[in-house]
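Colleague: please find the sequence and the predicted model below.
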Amino acid sequence: MDDIQKNISKALEEAQKIHDELALKASLGAADAEDEFAKLNKKYELFKSKTQKIFDVVDDSAEELKIAAELGIKADSKDDVMTALELAAEEIKYSYQKIQNLVF
């Protein structure tokens, strides 16, 4: 696994940890965060599954670009795909952190 894949995986792991904490807090009645949490959850689950598919076909550039396009990523190369995924993973993690700040 290269550095970008490690960065993406790390960001997703951190997002999952925050996700789990927020799920508990949201269930305890943080109404302001609940709607944002639900919206972000859909994006997170889609991103996580598509990223795993890209990791699974890591040597098939055509398939990587196809999956990236399904995520709305415009890329011309594997490097473009991985960079976009890295940025998206960080954005998801950041979004969970924003919600976390609302409930804590």
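Modeller: Looks like it arrived, so ask away.

Colleague: residue contacts, residue 97?
Modeller: Taking Cβ atoms under 8 Å, 6 or more residues apart in numbering, we find residue 97 in contact with residue 18. In short, each C-beta sits where N, CA and C put it, glycine included.

Colleague: now the helices for this structure?
Modeller: When secondary structure is read from DSSP state H, the chain shows helices at 3-27, 31-56, 61-70, 78-103.

Colleague: including mean pLDDT, could the ones you listed go into a markdown table?
Modeller: Putting those into a markdown table (pLDDT from 0 to 100) gives the following:
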| stretch | mean pLDDT |
| --- | --- |
| helix 3-27 | 85 |
| helix 31-56 | 83 |
| helix 61-70 | 84 |
| helix 78-103 | 85 |
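
Colleague: quick one, what contacts the residue lying closest to residue 4 once chain neighbours are set aside?
Modeller: Leaving aside its sequence neighbours, residue 4 sits nearest to residue 82 (Cβ to Cβ, 6 or more residues apart in numbering; 4.4 Å). With contact taken as Cβ under 8 Å, 6+ apart, residue 82 is in contact with 2, 4-5, 8.

Colleague: same thing with residue 41?
Modeller: residue 19.

Colleague: and residue 5, by the same measure?
Modeller: By Cβ under 8 Å, 6+ apart, the residues touching residue 5 are 55, 58, 82.

Colleague: repeat for residue 68
Modeller: Residue 68 touches 50, 54, 75, 80-81, 84-85, counting by Cβ under 8 Å, 6+ apart.
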